[in-house]
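A.B. asks: Let's see this in three dimensions:
(chains A and B)
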Amino acid sequence: MYLSHILNSKKIALSVILGVFLTFCTCKTFAIQHEEAHEAAAATEHEEEAFNPSEVILEHIADSHSLHLWGTTSIPLPVILYTDKGIETFSASKFEHGHADYQGKYYTYRLVKDKVHIVGEGSDLSAAATVLKPNGKLVDFSITRNVASMWLSIVLLFIIFFSVSAAYKKREGKAPKGLQSFLEPVILFVRDDIARPNIGYRYQRFMPLLLTIFFFIWINNLIGLVPFFPGGANLTGNIAVTFVLAFITLIIVNVNGNKYYWKHIFAPDVPVWLYPIMWPVELVGIISKPFALMIRLFANITAGHIIVLSLISLIFVFKSAYVSVVSVPFVVFMDVLELLVAALQAFIFTLLTALFIGTAIEEHHH
Amino acid sequence: MELVTPEIGLVFWTTVSFLILFFLLAKFAWKPIMGAIDDRERSIEDALTKAEAAKEEMGRLTSENESLLKQARAERDLILSEAKKVKDQIIADAKEAAQKEGARQIELARVEINNQKAIAMADVKNQVATLSIQVAEKILQTQLADQQKQDELVSQLLKEVKL
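C.D. replies: Residues are numbered from 1 along each chain as shown, chains lettered A, B, ... in the order given. Predicted structure coming up:
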């Protein structure tokens, strides 16, 4: 790998080891802090202003109906609801950040923990959770923070790769230049180090998919690291997104599976009486591979965000700006590590997709 | 638990967006980019192969040139030695011819000299004969006034003359 010389540096290796060690320390500390905070929260339940880190963190890594800009300013996003009576669209500003119900065409809606619920008419905001039980079916198709962030990343990808593609047309047969010269090694890396060794000589068919997956994950990981607008979303750390990506991998792998692949699953080289055992195992294997992809990407990105947010939360837990002396350097370190993880997870997801495709289309000669 | 439950809305938007992204990028970005990269790699490979071939051709030409040069040198040497031989031959021939000619000229001269000598001798003999006859006439005229003396002389002359 072209990055290997970085890992060879003794200093960097040492600092990485130290960093990883310290990360574990902070995690532990945080866990303790977390518990203490919980106890504290339990002790001072009447106090409204008590800082609850887990709530804050979960709110940050979860989806939202508004794009937070700064302070209390945020852009409300369109809410699109599919109910059993019809489709309902309105702006999220109608909720006034959960301080008001919205009387729609069919139902009355309420925002609880950034989720839209149907409430019974006339129920006031302070009512207990029982009134939140929806008396109608509701599917939320809103343009949430994650969707907006994804569209932003897609627009960015279009701008980047259409311009690169134009550069290739304009400078045909010449050496790459500018953005093109930055991205060409990455594209070649995907081709020569991911696609070719894992898929084999028929790699070209799968290049568009692998490149799209790689750059989509990478750019969204990077946008996710930006703490303020236009970042702030946790797209690749959302299980729905990784689910779709893994599902696409599942479809592509099994649609392209050849007779050897299916023979290996339904008629493996074992005694026939073992087949009833083998089939469930192999079928679970089909599902578990993309399932692992889904969980890996989701967990890695979410964990990174949780660590960074926890470190920031320390300042508020201790209610002392002096904690930032410790916490900010750790956050910076984590962000740098996350930069590596952003590329690494994109690489791993693409690599494993290529590997699964490779095993599905492999020709056996025995 | 909420964290690990995929929301249908986001699943829907991600699927739609990703598929649009995939098809548009595949058509308008990956295809031309991969095509251009492949083309360029092929052209580089071609250029390298051609350079290799040119190098080989060059080597072949150089060795050919060298052998040609060697051949030419050998030919030149051969021509030179032949020319030398011819020259020597010509010189030798010329020398021989000159010698022969000289000898012939000398012979001719000698013959001429002999002829001239013979002519001259004949002339001298004639003159001597004439003179002798005149002298003899005069002597005879003077001496042969008398008959006796004439006879004596005739006899004496006859005695003397030996031819």
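
A.B. asks: alpha carbons only for contacts and neighbour counts from here, please
C.D. replies: OK.

A.B. asks: what stretches of the stretch 251-366 of chain A score poorly on pLDDT?
C.D. replies: Across the stretch 251-366 of chain A, the ranges flagged by pLDDT under 70 are A:365-366.

A.B. asks: Show me what counts as buried in the lowest-mean-pLDDT helix or strand in chain B.
C.D. replies: Lowest on mean pLDDT, DSSP states H and E among the helices and strands of chain B sits helix B:147-160, with a mean of 80. Within helix B:147-160, the residues that count as buried by 16 or more other C-alpha atoms under 10 Å in any protein chain shown are B:Leu153.

A.B. asks: For stretch A:211-221, give me every contacting residue.
C.D. replies: With contacts defined as C-alpha atoms under 8 Å, 6 or more residues apart in numbering or on different chains, stretch A:211-221 is touched by A:150, A:153-154, A:157, A:187, A:190, A:235-236, A:245, A:301, A:342-343, A:345-347, A:349-350, B:21-22, B:25-26, B:30.

A.B. asks: any idea of the mean pLDDT in the lengthiest helix in chain B?
C.D. replies: Scanning chain B for the helix with the most residues, using DSSP state H, yields helix B:31-143. The pLDDT scores in helix B:31-143 average 91.

A.B. asks: Please work out the angle formed by the directions of that helix and helix B:147-160.
C.D. replies: Angle, helix B:31-143 to helix B:147-160, by axes from the mean of the first three to the mean of the last three C-alpha atoms, to 10 degrees: 150 degrees.

A.B. asks: other SSEs contacting helix B:31-143?
C.D. replies: helix A:145-170, helix B:147-160 (3 or more C-alpha pairs under 8 Å, 6 or more residues apart in numbering or on different chains; DSSP states H and E).

A.B. asks: So for A:Tyr261, which of the ones you listed sits nearest?
C.D. replies: Ranking the helices and strands packed on helix B:31-143 by distance to A:Tyr261, with C-alpha to C-alpha as the measure, places helix A:145-170 first at 34.0 Å.

A.B. asks: Flag every buried residue along that closest one.
C.D. replies: In helix A:145-170, counting by 16+ other C-alpha under 10 Å, buried: A:145-154, A:157-158, A:161-162, A:164-168.

A.B. asks: and whichever helix or strand A:Arg196 is part of, what does it pack onto?
C.D. replies: For A:Arg196, the host element (DSSP states H and E) is helix A:196-199. Contacts defined by 3+ C-alpha pairs under 8 Å, 6+ apart place helix A:196-199 against helix A:323-361.

A.B. asks: So which other helices or strands are in contact with the helix it packs on?
C.D. replies: If contacts are counted by 3+ C-alpha pairs under 8 Å, 6+ apart, helix A:323-361 sits against helix A:196-199, helix A:207-225, helix A:239-256, helix A:259-266, helix A:275-318.

A.B. asks: Name the residues that touch the first one?
C.D. replies: Residues from elsewhere that reach helix A:196-199, judged by C-alpha under 8 Å, 6+ apart: A:Tyr203, A:Leu351, A:Ala354, A:Leu355, A:Ile357, A:Gly358, A:Thr359, A:Ile361, A:Glu362.

A.B. asks: list the buried ones in that helix?
C.D. replies: For helix A:196-199, the neighbour count (16+ other C-alpha under 10 Å) marks A:Arg196, A:Asn198, A:Ile199 as buried.

A.B. asks: Likewise for the fourth one?
C.D. replies: Neighbour counts over helix A:259-266 (16+ other C-alpha under 10 Å) mark A:Tyr260, A:Tyr261, A:Ile265, A:Phe266 as buried.

A.B. asks: can you tell me which residues contact the spatially most central residue of chain A?
C.D. replies: Nearest residue to the geometric centre of chain A (C-alpha atoms, centre = their mean): A:Thr236, 1.5 Å. Neighbour list for A:Thr236: A:Ile217, A:Asn220, A:Asn221, A:Gly224, A:Thr242, A:Leu297, A:Phe298, A:Ile301 [criterion: C-alpha under 8 Å, 6+ apart].

A.B. asks: Looking at the residues you listed, which two lie furthest apart in space?
C.D. replies: Pairwise distances across the contacts of A:Thr236 (C-alpha to C-alpha) peak at 14.0 Å, for the pair A:Gly224 and A:Thr242.

A.B. asks: Surely A:Ala321 and A:Leu314 touch.
C.D. replies: No - A:Ala321 lies out of contact with A:Leu314 (C-alpha atoms under 8 Å); the separation is 9.7 Å.

A.B. asks: Looking at these two, which is more packed in?
C.D. replies: It is A:Leu314, of A:Ala321 and A:Leu314, that has more neighbours when counted by other C-alpha atoms under 10 Å in any protein chain shown, with 21 against 11.

A.B. asks: could you check the distance from that one over to A:Leu179?
C.D. replies: 40 Å (C-alpha to C-alpha, to the nearest Å).

A.B. asks: Deepest-packed of the helices and strands packed on helix A:323-361, please.
C.D. replies: With neighbours defined as mean count of other C-alpha atoms under 10 Å in any protein chain shown, the helices and strands packed on helix A:323-361 peak in mean count at helix A:207-225, which reaches a mean of 23.

A.B. asks: Return the distance of that one from the chain's centre.
C.D. replies: 11 Å (C-alpha atoms, centre = their mean, to the nearest Å).

A.B. asks: cool, stretch B:11-18 as well?
C.D. replies: That offset, for stretch B:11-18, works out to 93 Å (C-alpha atoms, centre = their mean).

A.B. asks: one step back: out of the contacts of helix A:196-199, which is most surrounded?
C.D. replies: Busiest of the contacts of helix A:196-199 [other C-alpha under 10 Å] is A:Ala354, holding 27 neighbours.

A.B. asks: and it, what is it in contact with?
C.D. replies: Per C-alpha under 8 Å, 6+ apart, neighbours of A:Ala354: A:Ile194, A:Ala195, A:Asn198, A:Ile199, A:Leu210.

A.B. asks: Doesn't A:Ile80 lie inside a strand?
C.D. replies: Yes - using DSSP: H, G, I helix; E, B strand; the rest coil, the assignment for A:Ile80 is a strand.

A.B. asks: Could you give the bridge partners of it?
C.D. replies: For A:Ile80, the beta-bridge partners are A:Thr89 (DSSP bridges).

A.B. asks: got the helices and strands packed on helix B:31-143 as a markdown table, with distance to A:Ala62 columns?
C.D. replies: Formatted as a markdown table, those follow (distance: least, C-alpha to C-alpha, whole Å):
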| stretch | distance to A:Ala62 |
| --- | --- |
| helix A:145-170 | 9 |
| helix B:147-160 | 180 |
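
A.B. asks: B:Lys50 is nearest to which of those?
C.D. replies: Closest of those to B:Lys50 is helix A:145-170, at 24.3 Å (criterion: C-alpha to C-alpha).

A.B. asks: Any chance you could list what contacts the following helix or strand past that closest one?
C.D. replies: Using DSSP H and E, the helix or strand that follows helix A:145-170 in sequence is helix A:179-189. Contacts to helix A:179-189, defined as C-alpha under 8 Å, 6+ apart, come from residues A:Val164, A:Ala167, A:Tyr168, A:Pro176, A:Leu211.

A.B. asks: Stretch A:70-90 now?
C.D. replies: Residues outside stretch A:70-90 that contact it (C-alpha under 8 Å, 6+ apart): A:65-69, A:91-93, A:104-106, A:136-145, A:228.

A.B. asks: Show the end-to-end separation of it, please.
C.D. replies: Span of stretch A:70-90 from end to end, C-alpha to C-alpha: 23 Å.

A.B. asks: re earlier: and the helix holding A:Arg196, how far out from the chain's middle?
C.D. replies: Remark: helix A:196-199 is offset 26 Å from the chain centroid, using C-alpha atoms, centre = their mean.

A.B. asks: What's the mean pLDDT across it?
C.D. replies: Per-residue pLDDT over helix A:196-199 has a mean of 92.

A.B. asks: Kindly report the same for stretch A:166-184.
C.D. replies: According to the model, stretch A:166-184 has a mean pLDDT of 86.

A.B. asks: Using PDB, list the CA coordinates for that stretch.
C.D. replies: Output in PDB follows, covering the C-alpha atoms of stretch A:166-184 (Å, rounded to 0.1, in the frame of the first residue of the first chain):
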ATOM      1  CA  ALA A 166     -14.200  16.200 -18.100                       C
ATOM      2  CA  ALA A 167     -10.600  16.600 -17.300                       C
ATOM      3  CA  TYR A 168      -9.900  13.200 -18.800                       C
ATOM      4  CA  LYS A 169     -11.700  14.100 -21.900                       C
ATOM      5  CA  LYS A 170     -10.000  17.400 -22.200                       C
ATOM      6  CA  ARG A 171      -6.500  16.200 -21.500                       C
ATOM      7  CA  GLU A 172      -6.800  12.900 -23.300                       C
ATOM      8  CA  GLY A 173      -3.600  10.900 -23.300                       C
ATOM      9  CA  LYS A 174      -1.800  13.500 -21.100                       C
ATOM     10  CA  ALA A 175      -0.600  13.200 -17.500                       C
ATOM     11  CA  PRO A 176      -3.300  14.000 -14.900                       C
ATOM     12  CA  LYS A 177      -3.500  17.400 -13.400                       C
ATOM     13  CA  GLY A 178      -5.000  19.000 -10.300                       C
ATOM     14  CA  LEU A 179      -8.000  17.200  -8.700                       C
ATOM     15  CA  GLN A 180      -7.600  14.600 -11.400                       C
ATOM     16  CA  SER A 181      -4.100  13.800 -10.300                       C
ATOM     17  CA  PHE A 182      -5.200  13.500  -6.700                       C
ATOM     18  CA  LEU A 183      -8.100  11.200  -7.500                       C
ATOM     19  CA  GLU A 184      -6.400   9.000 -10.100                       C
END
